[in-house]
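Visitor: below are the sequence and a predicted model for it; my questions follow.
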Amino acid sequence: MAAPDGVAALAASVRTRVEFPPGPWLVALSGGADSAVLAWAATEASDPVRGVFVDHGLAASSRLHKAAVAVADALGMELEVVEAPVARETPSFEEAARDARYAALEGAARPEEVILTGHTADDQAETVLGNFLRGAGAGGLAGIPARRGRIARPMLAISRAQTRELAARLELPYSDDPDNEAGDVRRNRLRSELIPLLEETYNPQLRSTLLRSSAVLGADDAVLEGVAARVPLRTDGEVVAVPAAALVVVPEAVASRVVRRALREMRGPHGGTHDEVTAVLEVAAGHRAGAELGGSVRAEREGPMVVLSTADLPPGTPRRVEVPAVVVFDRWRVDLAEHRRAPAPRPLGSATLALDADKAGSDLLLRPPLPDDRIDIGTGTKPVAEALAESGVPRRLRARRPLIAAGERVLAIPGVRAAAWAWPSSATVRYLV
(Lines give C-alpha, C1' and ligand atoms only; values in the text may rest on other atoms or scores of the structure.)
Protein backbone atom coordinates (compact mmCIF):
# COMPACT_ATOMS: atom_id res chain seq x y z
CA MET A 1 0.00 0.00 0.00
CA ALA A 2 1.68 3.19 -1.15
CA ALA A 3 1.73 6.18 1.17
CA PRO A 4 -0.52 9.09 0.08
CA ASP A 5 1.10 12.39 -0.81
CA GLY A 6 2.32 14.43 2.17
CA VAL A 7 3.07 11.52 4.50
CA ALA A 8 6.17 10.09 2.84
CA ALA A 9 8.55 11.61 5.41
CA LEU A 10 6.56 10.28 8.38
CA ALA A 11 6.18 6.88 6.75
CA ALA A 12 9.90 6.70 6.01
CA SER A 13 10.77 7.74 9.57
CA VAL A 14 8.59 5.05 11.08
CA ARG A 15 9.67 2.40 8.60
CA THR A 16 13.38 2.95 9.26
CA ARG A 17 12.92 2.60 13.04
CA VAL A 18 10.88 -0.59 12.91
CA GLU A 19 13.32 -3.39 13.72
CA PHE A 20 12.04 -6.51 12.00
CA PRO A 21 13.61 -9.90 12.69
CA PRO A 22 14.05 -12.31 9.77
CA GLY A 23 10.66 -13.57 8.54
CA PRO A 24 8.23 -14.99 7.64
CA TRP A 25 5.96 -13.04 10.00
CA LEU A 26 2.59 -13.42 11.66
CA VAL A 27 1.22 -10.01 12.70
CA ALA A 28 -1.09 -9.87 15.73
CA LEU A 29 -3.69 -7.62 14.10
CA SER A 30 -6.00 -6.29 16.83
CA GLY A 31 -7.88 -3.79 14.70
CA GLY A 32 -6.21 -0.83 16.44
CA ALA A 33 -3.85 1.80 15.03
CA ASP A 34 -0.62 0.32 16.39
CA SER A 35 -1.06 -3.13 14.87
CA ALA A 36 -2.43 -1.60 11.67
CA VAL A 37 0.79 0.39 11.19
CA LEU A 38 2.85 -2.69 12.07
CA ALA A 39 0.97 -4.68 9.42
CA TRP A 40 1.52 -1.89 6.89
CA ALA A 41 5.26 -1.76 7.62
CA ALA A 42 5.47 -5.55 7.39
CA THR A 43 3.75 -5.65 4.01
CA GLU A 44 6.10 -2.90 2.80
CA ALA A 45 9.05 -5.18 3.59
CA SER A 46 9.96 -8.17 1.47
CA ASP A 47 9.38 -11.10 3.82
CA PRO A 48 6.10 -13.10 3.67
CA VAL A 49 3.49 -11.84 6.15
CA ARG A 50 0.01 -12.73 7.24
CA GLY A 51 -2.21 -11.56 10.10
CA VAL A 52 -4.23 -13.10 12.91
CA PHE A 53 -7.07 -11.52 14.89
CA VAL A 54 -7.70 -12.95 18.37
CA ASP A 55 -11.39 -12.68 19.26
CA HIS A 56 -11.91 -12.52 23.04
CA GLY A 57 -15.71 -12.44 22.71
CA LEU A 58 -15.99 -9.04 24.43
CA ALA A 59 -18.49 -6.28 23.71
CA ALA A 60 -16.14 -4.50 21.29
CA SER A 61 -14.75 -7.65 19.67
CA SER A 62 -17.14 -7.56 16.72
CA ARG A 63 -16.15 -3.99 15.86
CA LEU A 64 -12.43 -4.73 16.22
CA HIS A 65 -12.84 -7.86 14.13
CA LYS A 66 -14.36 -5.83 11.31
CA ALA A 67 -11.54 -3.29 11.57
CA ALA A 68 -8.89 -6.03 11.43
CA VAL A 69 -10.55 -7.51 8.34
CA ALA A 70 -10.72 -4.06 6.73
CA VAL A 71 -7.04 -3.36 7.46
CA ALA A 72 -5.98 -6.76 6.10
CA ASP A 73 -8.06 -6.19 2.97
CA ALA A 74 -6.57 -2.72 2.47
CA LEU A 75 -3.06 -4.19 2.71
CA GLY A 76 -3.80 -7.30 0.68
CA MET A 77 -2.82 -9.48 3.62
CA GLU A 78 -4.16 -12.92 4.55
CA LEU A 79 -6.01 -12.83 7.91
CA GLU A 80 -6.85 -15.70 10.25
CA VAL A 81 -9.39 -15.31 13.07
CA VAL A 82 -8.85 -17.27 16.30
CA GLU A 83 -11.37 -17.38 19.14
CA ALA A 84 -10.02 -17.08 22.69
CA PRO A 85 -12.98 -16.05 24.91
CA VAL A 86 -12.27 -14.15 28.13
CA ALA A 87 -15.08 -12.82 30.32
CA ARG A 88 -14.73 -9.15 31.28
CA GLU A 89 -15.58 -10.16 34.87
CA THR A 90 -12.67 -12.62 35.04
CA PRO A 91 -10.38 -11.91 38.03
CA SER A 92 -7.12 -10.34 36.83
CA PHE A 93 -8.79 -9.69 33.47
CA GLU A 94 -5.73 -8.03 31.92
CA GLU A 95 -3.48 -10.97 32.73
CA ALA A 96 -6.08 -13.56 31.69
CA ALA A 97 -6.67 -11.80 28.36
CA ARG A 98 -2.93 -11.48 27.72
CA ASP A 99 -2.32 -15.16 28.46
CA ALA A 100 -5.23 -16.21 26.24
CA ARG A 101 -4.03 -13.93 23.46
CA TYR A 102 -0.45 -15.23 23.46
CA ALA A 103 -1.65 -18.83 23.62
CA ALA A 104 -3.91 -18.17 20.62
CA LEU A 105 -1.08 -16.52 18.68
CA GLU A 106 1.28 -19.41 19.40
CA GLY A 107 -1.40 -21.84 18.29
CA ALA A 108 -2.04 -19.97 15.05
CA ALA A 109 1.62 -19.50 14.09
CA ARG A 110 3.19 -21.86 11.61
CA PRO A 111 6.48 -23.48 12.71
CA GLU A 112 8.65 -21.10 10.68
CA GLU A 113 6.78 -17.87 11.55
CA VAL A 114 7.86 -15.13 13.97
CA ILE A 115 4.93 -13.52 15.80
CA LEU A 116 4.96 -9.71 15.64
CA THR A 117 3.04 -7.52 18.11
CA GLY A 118 2.40 -3.78 17.87
CA HIS A 119 3.80 -2.65 21.23
CA THR A 120 5.10 0.93 21.10
CA ALA A 121 7.45 3.13 23.12
CA ASP A 122 4.44 4.28 25.17
CA ASP A 123 3.61 0.66 26.04
CA GLN A 124 7.20 0.25 27.14
CA ALA A 125 7.11 3.34 29.38
CA GLU A 126 3.81 2.25 30.96
CA THR A 127 5.17 -1.24 31.56
CA VAL A 128 8.36 0.02 33.21
CA LEU A 129 6.48 2.42 35.49
CA GLY A 130 3.85 -0.19 36.34
CA ASN A 131 6.52 -2.76 37.18
CA PHE A 132 8.34 -0.21 39.34
CA LEU A 133 5.16 0.42 41.32
CA ARG A 134 4.83 -3.34 41.84
CA GLY A 135 8.39 -3.57 43.19
CA ALA A 136 9.86 -5.48 40.23
CA GLY A 137 13.55 -6.26 39.87
CA ALA A 138 15.85 -5.53 36.95
CA GLY A 139 14.01 -7.94 34.67
CA GLY A 140 10.70 -6.17 35.22
CA LEU A 141 12.23 -2.70 35.01
CA ALA A 142 13.83 -3.68 31.70
CA GLY A 143 10.28 -3.66 30.40
CA ILE A 144 8.96 -5.46 27.37
CA PRO A 145 11.67 -7.46 25.61
CA ALA A 146 12.10 -6.73 21.92
CA ARG A 147 12.35 -10.47 21.36
CA ARG A 148 11.51 -13.48 23.51
CA GLY A 149 11.23 -16.85 21.88
CA ARG A 150 9.28 -16.52 18.66
CA ILE A 151 7.53 -13.29 19.72
CA ALA A 152 9.05 -10.01 18.49
CA ARG A 153 8.02 -6.40 19.10
CA PRO A 154 9.53 -4.33 16.28
CA MET A 155 7.96 -0.93 17.14
CA LEU A 156 9.32 -0.25 20.63
CA ALA A 157 11.13 2.83 19.27
CA ILE A 158 7.90 4.30 17.82
CA SER A 159 5.52 6.42 19.90
CA ARG A 160 1.79 5.81 20.01
CA ALA A 161 1.20 9.33 18.70
CA GLN A 162 3.27 8.52 15.62
CA THR A 163 1.43 5.29 14.88
CA ARG A 164 -1.96 7.00 15.22
CA GLU A 165 -0.92 9.88 12.98
CA LEU A 166 0.51 7.55 10.36
CA ALA A 167 -2.51 5.22 10.49
CA ALA A 168 -4.80 8.21 9.91
CA ARG A 169 -2.69 9.62 7.07
CA LEU A 170 -2.42 6.21 5.42
CA GLU A 171 -6.22 5.96 5.77
CA LEU A 172 -5.96 2.59 7.44
CA PRO A 173 -9.48 1.63 8.66
CA TYR A 174 -8.53 0.93 12.29
CA SER A 175 -10.84 1.13 15.32
CA ASP A 176 -10.06 2.11 18.92
CA ASP A 177 -10.63 -0.50 21.62
CA PRO A 178 -12.91 0.96 24.33
CA ASP A 179 -11.20 -1.26 26.91
CA ASN A 180 -8.19 1.06 26.53
CA GLU A 181 -10.28 3.80 28.16
CA ALA A 182 -11.81 1.73 30.97
CA GLY A 183 -11.13 3.41 34.30
CA ASP A 184 -10.97 0.16 36.24
CA VAL A 185 -7.93 -1.08 34.28
CA ARG A 186 -4.66 -0.28 36.03
CA ARG A 187 -2.65 0.30 32.86
CA ASN A 188 -5.23 2.75 31.56
CA ARG A 189 -4.95 4.82 34.73
CA LEU A 190 -1.17 4.90 34.36
CA ARG A 191 -1.62 6.13 30.79
CA SER A 192 -4.34 8.70 31.35
CA GLU A 193 -3.67 9.88 34.91
CA LEU A 194 -0.31 9.11 36.47
CA ILE A 195 2.10 9.62 33.56
CA PRO A 196 0.55 12.98 32.53
CA LEU A 197 0.66 14.11 36.19
CA LEU A 198 4.33 13.15 36.59
CA GLU A 199 5.22 14.80 33.29
CA GLU A 200 3.45 18.00 34.27
CA THR A 201 4.77 18.11 37.85
CA TYR A 202 8.21 16.52 37.79
CA ASN A 203 9.66 15.60 34.42
CA PRO A 204 8.22 16.55 31.03
CA GLN A 205 10.55 13.97 29.46
CA LEU A 206 9.35 11.15 31.72
CA ARG A 207 8.60 8.71 28.92
CA SER A 208 12.06 9.16 27.41
CA THR A 209 13.61 8.78 30.86
CA LEU A 210 11.73 5.53 31.47
CA LEU A 211 12.80 4.20 28.08
CA ARG A 212 16.45 5.10 28.77
CA SER A 213 16.34 3.37 32.15
CA SER A 214 14.72 0.28 30.64
CA ALA A 215 17.46 0.08 27.99
CA VAL A 216 20.23 0.25 30.63
CA LEU A 217 18.56 -2.33 32.86
CA GLY A 218 17.74 -4.47 29.85
CA ALA A 219 21.43 -4.67 28.94
CA ASP A 220 22.32 -5.69 32.51
CA ASP A 221 19.49 -8.20 32.58
CA ALA A 222 20.63 -9.76 29.31
CA VAL A 223 24.04 -10.54 30.83
CA LEU A 224 22.47 -12.21 33.87
CA GLU A 225 20.00 -14.11 31.69
CA GLY A 226 22.92 -15.39 29.64
CA VAL A 227 24.58 -16.79 32.75
CA ALA A 228 21.27 -18.28 33.95
CA ALA A 229 20.75 -19.97 30.57
CA ARG A 230 23.80 -22.16 31.27
CA VAL A 231 21.93 -23.95 34.06
CA PRO A 232 20.24 -26.94 32.39
CA LEU A 233 16.51 -27.62 32.66
CA ARG A 234 15.05 -31.06 32.11
CA THR A 235 11.50 -31.54 30.92
CA ASP A 236 9.43 -34.54 29.84
CA GLY A 237 6.25 -32.71 28.86
CA GLU A 238 4.75 -32.97 32.35
CA VAL A 239 7.43 -31.57 34.64
CA VAL A 240 10.40 -29.24 34.57
CA ALA A 241 13.37 -30.21 36.73
CA VAL A 242 16.23 -27.95 37.86
CA PRO A 243 19.42 -29.09 39.63
CA ALA A 244 18.96 -27.98 43.24
CA ALA A 245 22.70 -27.54 43.75
CA ALA A 246 22.88 -25.02 40.93
CA LEU A 247 20.15 -22.91 42.52
CA VAL A 248 22.00 -22.96 45.83
CA VAL A 249 25.55 -22.18 44.68
CA VAL A 250 24.99 -19.51 42.01
CA PRO A 251 24.28 -15.90 43.02
CA GLU A 252 20.64 -15.26 43.85
CA ALA A 253 20.31 -12.85 40.92
CA VAL A 254 21.15 -15.77 38.60
CA ALA A 255 19.19 -18.41 40.53
CA SER A 256 16.02 -16.34 40.43
CA ARG A 257 16.31 -16.11 36.64
CA VAL A 258 16.73 -19.87 36.37
CA VAL A 259 13.54 -20.34 38.40
CA ARG A 260 11.65 -17.85 36.23
CA ARG A 261 12.83 -19.69 33.11
CA ALA A 262 11.55 -22.96 34.58
CA LEU A 263 8.20 -21.37 35.43
CA ARG A 264 7.88 -20.07 31.86
CA GLU A 265 8.47 -23.61 30.63
CA MET A 266 5.58 -24.76 32.82
CA ARG A 267 2.94 -22.11 32.27
CA GLY A 268 3.80 -19.65 29.52
CA PRO A 269 5.47 -16.25 29.22
CA HIS A 270 5.19 -15.02 32.82
CA GLY A 271 8.08 -15.97 35.07
CA GLY A 272 6.34 -15.87 38.42
CA THR A 273 6.10 -13.46 41.33
CA HIS A 274 8.85 -12.62 43.79
CA ASP A 275 7.17 -14.81 46.43
CA GLU A 276 6.95 -17.76 44.03
CA VAL A 277 10.61 -17.50 43.08
CA THR A 278 11.60 -17.24 46.75
CA ALA A 279 9.52 -20.33 47.57
CA VAL A 280 11.24 -22.40 44.87
CA LEU A 281 14.68 -21.30 46.07
CA GLU A 282 13.73 -22.31 49.64
CA VAL A 283 12.74 -25.75 48.34
CA ALA A 284 16.13 -26.02 46.60
CA ALA A 285 17.94 -25.09 49.81
CA GLY A 286 15.97 -27.63 51.84
CA HIS A 287 14.23 -24.99 53.97
CA ARG A 288 10.81 -26.35 52.97
CA ALA A 289 9.59 -29.65 51.51
CA GLY A 290 7.45 -28.15 48.79
CA ALA A 291 5.51 -25.11 47.67
CA GLU A 292 2.19 -24.53 45.93
CA LEU A 293 2.56 -21.90 43.23
CA GLY A 294 0.06 -20.12 41.02
CA GLY A 295 -1.44 -21.83 38.00
CA SER A 296 -1.72 -25.16 39.88
CA VAL A 297 2.05 -25.59 39.78
CA ARG A 298 3.82 -27.38 42.63
CA ALA A 299 7.53 -27.26 43.48
CA GLU A 300 9.08 -30.25 45.27
CA ARG A 301 12.50 -31.70 45.94
CA GLU A 302 13.10 -35.05 44.24
CA GLY A 303 16.59 -36.29 44.99
CA PRO A 304 19.10 -33.79 43.52
CA MET A 305 16.41 -31.95 41.53
CA VAL A 306 13.74 -29.35 42.21
CA VAL A 307 10.75 -30.45 40.18
CA LEU A 308 7.94 -28.20 39.00
CA SER A 309 4.76 -30.08 38.17
CA THR A 310 1.13 -29.29 37.57
CA ALA A 311 -1.79 -30.53 39.62
CA ASP A 312 -1.98 -34.32 39.85
CA LEU A 313 -3.21 -35.96 36.68
CA PRO A 314 -5.98 -38.57 36.97
CA PRO A 315 -4.78 -42.18 37.34
CA GLY A 316 -5.19 -44.70 34.57
CA THR A 317 -8.27 -46.88 34.12
CA PRO A 318 -8.13 -50.40 35.67
CA ARG A 319 -7.68 -53.17 33.10
CA ARG A 320 -8.13 -56.94 33.26
CA VAL A 321 -5.06 -58.70 31.90
CA GLU A 322 -4.40 -62.23 30.67
CA VAL A 323 -0.93 -63.72 30.46
CA PRO A 324 0.96 -63.17 28.22
CA ALA A 325 0.26 -59.43 27.94
CA VAL A 326 1.99 -56.15 27.23
CA VAL A 327 -0.02 -53.30 28.73
CA VAL A 328 0.70 -49.56 28.53
CA PHE A 329 -0.66 -47.92 31.66
CA ASP A 330 -0.21 -44.14 31.92
CA ARG A 331 3.55 -43.67 31.39
CA TRP A 332 4.51 -47.26 32.23
CA ARG A 333 4.74 -50.43 30.14
CA VAL A 334 4.00 -53.68 31.97
CA ASP A 335 5.02 -57.00 30.41
CA LEU A 336 3.56 -60.25 31.80
CA ALA A 337 4.81 -63.63 30.59
CA GLU A 338 4.82 -67.21 31.87
CA HIS A 339 8.01 -69.28 32.12
CA ARG A 340 8.59 -72.93 33.02
CA ARG A 341 12.12 -72.30 34.19
CA ALA A 342 13.17 -70.26 37.20
CA PRO A 343 14.63 -66.87 36.19
CA ALA A 344 18.05 -65.82 37.41
CA PRO A 345 18.01 -64.17 40.86
CA ARG A 346 17.29 -60.44 40.79
CA PRO A 347 17.47 -57.71 43.44
CA LEU A 348 14.27 -56.82 45.31
CA GLY A 349 13.82 -53.54 43.43
CA SER A 350 14.50 -54.97 39.99
CA ALA A 351 12.25 -53.80 37.18
CA THR A 352 11.60 -57.50 36.48
CA LEU A 353 9.85 -59.44 39.26
CA ALA A 354 9.33 -63.22 39.41
CA LEU A 355 6.22 -64.77 40.99
CA ASP A 356 4.62 -68.19 41.36
CA ALA A 357 2.05 -68.23 38.53
CA ASP A 358 -0.16 -70.77 40.27
CA LYS A 359 -0.30 -68.71 43.47
CA ALA A 360 -1.01 -65.54 41.46
CA GLY A 361 -3.91 -67.16 39.63
CA SER A 362 -5.55 -65.88 36.48
CA ASP A 363 -7.82 -63.13 37.87
CA LEU A 364 -5.33 -60.30 37.34
CA LEU A 365 -6.15 -56.61 37.32
CA LEU A 366 -3.78 -53.77 36.45
CA ARG A 367 -4.92 -50.69 38.33
CA PRO A 368 -3.74 -47.58 40.20
CA PRO A 369 -3.19 -47.86 43.97
CA LEU A 370 -6.06 -47.30 46.37
CA PRO A 371 -5.53 -45.42 49.65
CA ASP A 372 -5.90 -48.58 51.79
CA ASP A 373 -3.77 -50.88 49.63
CA ARG A 374 -1.11 -52.88 51.46
CA ILE A 375 1.43 -55.38 50.15
CA ASP A 376 2.68 -58.52 51.93
CA ILE A 377 6.41 -58.18 52.73
CA GLY A 378 6.86 -61.54 54.50
CA THR A 379 7.02 -60.18 58.05
CA GLY A 380 3.70 -58.41 57.81
CA THR A 381 2.27 -55.91 55.37
CA LYS A 382 3.25 -52.42 54.29
CA PRO A 383 1.15 -49.62 52.76
CA VAL A 384 1.68 -49.48 49.01
CA ALA A 385 2.21 -45.73 49.27
CA GLU A 386 5.07 -46.35 51.70
CA ALA A 387 6.65 -48.96 49.43
CA LEU A 388 6.49 -46.53 46.52
CA ALA A 389 8.06 -43.77 48.60
CA GLU A 390 10.88 -46.06 49.75
CA SER A 391 11.65 -47.01 46.15
CA GLY A 392 12.02 -43.36 45.19
CA VAL A 393 8.79 -42.93 43.22
CA PRO A 394 7.96 -39.18 43.35
CA ARG A 395 4.87 -38.30 45.37
CA ARG A 396 3.19 -36.79 42.33
CA LEU A 397 3.41 -40.17 40.52
CA ARG A 398 2.41 -42.53 43.33
CA ALA A 399 -1.32 -42.32 42.67
CA ARG A 400 -0.65 -43.09 38.99
CA ARG A 401 1.86 -45.94 39.39
CA PRO A 402 0.23 -49.24 38.35
CA LEU A 403 0.00 -52.28 40.58
CA ILE A 404 -1.19 -55.81 39.79
CA ALA A 405 -3.99 -57.17 41.93
CA ALA A 406 -5.01 -60.81 42.14
CA GLY A 407 -8.61 -60.70 43.23
CA GLU A 408 -8.72 -58.55 46.36
CA ARG A 409 -5.01 -58.83 47.14
CA VAL A 410 -2.06 -56.82 45.83
CA LEU A 411 0.14 -59.17 43.84
CA ALA A 412 2.95 -56.84 42.77
CA ILE A 413 4.02 -53.26 42.22
CA PRO A 414 5.95 -53.57 38.93
CA GLY A 415 9.48 -52.34 39.28
CA VAL A 416 9.14 -52.05 43.08
CA ARG A 417 8.32 -55.36 44.78
CA ALA A 418 6.17 -58.52 44.67
CA ALA A 419 3.89 -59.74 47.44
CA ALA A 420 5.57 -62.32 49.71
CA TRP A 421 2.60 -64.70 49.47
CA ALA A 422 3.29 -65.11 45.71
CA TRP A 423 7.07 -65.51 45.89
CA PRO A 424 8.41 -68.60 44.05
CA SER A 425 9.51 -71.60 46.11
CA SER A 426 11.20 -74.94 45.44
CA ALA A 427 7.75 -76.31 44.53
CA THR A 428 7.06 -73.66 41.87
CA VAL A 429 6.57 -75.11 38.39
CA ARG A 430 5.24 -72.05 36.53
CA TYR A 431 6.72 -68.61 36.91
CA LEU A 432 5.04 -65.27 36.21
CA VAL A 433 7.63 -62.75 35.16
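Guide: Received, thanks.

Visitor: mean confidence score for stretch 257-272?
Guide: Averaging pLDDT along stretch 257-272 yields 85.

Visitor: for it, which positions count as buried?
Guide: 257-267, 271-272 (16 or more other Cβ atoms under 10 Å). The way it works is simple: take the backbone N, C-alpha and C, and place the C-beta from them, glycine included.

Visitor: nearest to G392 among these?
Guide: A262 (21.7 Å; Cβ to Cβ).

Visitor: give me the element that closest one is part of.
Guide: helix 252-267 (DSSP states H and E).

Visitor: measure how the very next helix or strand once past that helix sits relative to helix 252-267, angle-wise.
Guide: Next along the chain after helix 252-267, taking DSSP H and E as the criterion, comes helix 274-284. In terms of direction (axes from the mean of the first three to the mean of the last three Cα atoms, to 10 degrees), helix 274-284 departs from helix 252-267 by 100 degrees.

Visitor: so what touches helix 274-284?
Guide: 135, 137, 242, 244, 247-248, 252, 255-256, 259-260, 262-263, 271-272, 288-291, 293-294, 299-301, 306, 308 (Cβ atoms under 8 Å, 6 or more residues apart in numbering).

Visitor: which residue sits closest to T428, ignoring its sequence neighbours?
Guide: D356 (4.6 Å; Cβ to Cβ, 6 or more residues apart in numbering).

Visitor: mind listing the strands for the stretch 51-200 of the chain?
Guide: 79-83, 114-116, 147-148, 151-152 (DSSP state E, counting those that start in this stretch).

Visitor: for the longest one, packing partners?
Guide: Pointing back at strand 79-83 there. Applying 3 or more Cβ pairs under 8 Å, 6 or more residues apart in numbering; DSSP states H and E, we find strand 79-83 packed against strand 49-55, helix 61-75, helix 93-108.

Visitor: the longest helix anywhere in the chain packs against which elements?
Guide: When the chain is parsed with DSSP state H, its longest helix is helix 206-228. Applying 3+ Cβ pairs under 8 Å, 6+ apart, we find helix 206-228 packed against helix 121-134, helix 138-141, helix 195-201, helix 252-267.

Visitor: buried ones in stretch 326-337?
Guide: V327, F329, V334, L336.

Visitor: show me what contacts the last one?
Guide: The neighbourhood of L336, defined by Cβ under 8 Å, 6+ apart, consists of V321, V323, P324, A325, V326, V327, L364, I404, L432, V433.

Visitor: ok, what's across the strand from it?
Guide: A325 (DSSP bridges).

Visitor: so how far is D236 from it?
Guide: 26 Å (Cβ to Cβ, to the nearest Å).

Visitor: just the third one next, same as before
Guide: Using Cβ to Cβ, V334 is found at 19 Å from D236.

Visitor: cool, and the first one?
Guide: As for V327, its distance to D236 is 21 Å (criterion: Cβ to Cβ).

Visitor: number of nearby residues for the residue nearest to T428?
Guide: For D356, the neighbour count with other Cβ atoms under 10 Å is 19.

Visitor: contact partners for it?
Guide: A422, W423, P424, S425, T428, R430, Y431, L432.

Visitor: residues near A103, how many?
Guide: 15.

Visitor: before we move on, what about A389?
Guide: With other Cβ under 10 Å as criterion, A389 counts 13.

Visitor: what is the mean pLDDT for the helix or strand hosting it?
Guide: Using DSSP H and E, A389 sits in helix 384-390. The predicted model gives helix 384-390 an average pLDDT of 90.

Visitor: what helices or strands is it leaning on?
Guide: strand 374-376, helix 395-398, strand 409-413.

Visitor: could I get the buried residue list for it?
Guide: V384, A385, A387, L388.

Visitor: likewise stretch 304-317?
Guide: Buried residues in stretch 304-317 (16+ other Cβ under 10 Å): M305, V306, V307, L308, S309, P315, G316.

Visitor: nearest to V27, of these?
Guide: L308 (32.9 Å).

Visitor: quick check: closest non-adjacent residue to the closest one.
Guide: V240 (4.6 Å).

Visitor: each with direction, which strands does the helix or strand harbouring that neighbour pair with?
Guide: Per DSSP H and E, V240 falls inside strand 239-243. Strand 239-243 pairs in its sheet with strand 234-235 (antiparallel), strand 305-310 (antiparallel), by DSSP bridges.

Visitor: I'd like the next helix or strand past it.
Guide: Next along from strand 239-243, by DSSP H and E: helix 244-249.

Visitor: before we move on, the earlier item: can you state the direction angle for the longest helix of the chain and helix 121-134?
Guide: Using the same axes, to 10 degrees: helix 206-228 against helix 121-134 is 70 degrees.

Visitor: what residues sit buried inside helix 206-228?
Guide: Quick answer for helix 206-228 (16+ other Cβ under 10 Å): 206-207, 209-211, 213-214, 217-218, 221, 224-225, 228.

Visitor: now, which of these sits nearest E95?
Guide: Nearest to E95 among those, with distances taken as Cβ to Cβ, is S214, at 20.5 Å.

Visitor: so the closest one touches A142, yeah?
Guide: Yes: between S214 and A142 there is a contact under Cβ atoms under 8 Å: 5.5 Å.

Visitor: shared neighbours, those two?
Guide: With Cβ under 8 Å, 6+ apart, S214 and A142 have common neighbours V128.

Visitor: report the contact partners of Q162.
Guide: L10, S13, V14 are the contacts of Q162 under Cβ under 8 Å, 6+ apart.

Visitor: try 7 Å this time
Guide: V14 (Cβ atoms under 7 Å, 6 or more residues apart in numbering).

Visitor: equivalent analysis for V327, please.
Guide: R319, V321, V334, L366.

Visitor: equivalent analysis for R260, please.
Guide: G271, G272, V277.

Visitor: from L247, how far out is the first one?
Guide: Counting by Cβ to Cβ, the gap between G271 and L247 amounts to 15 Å.
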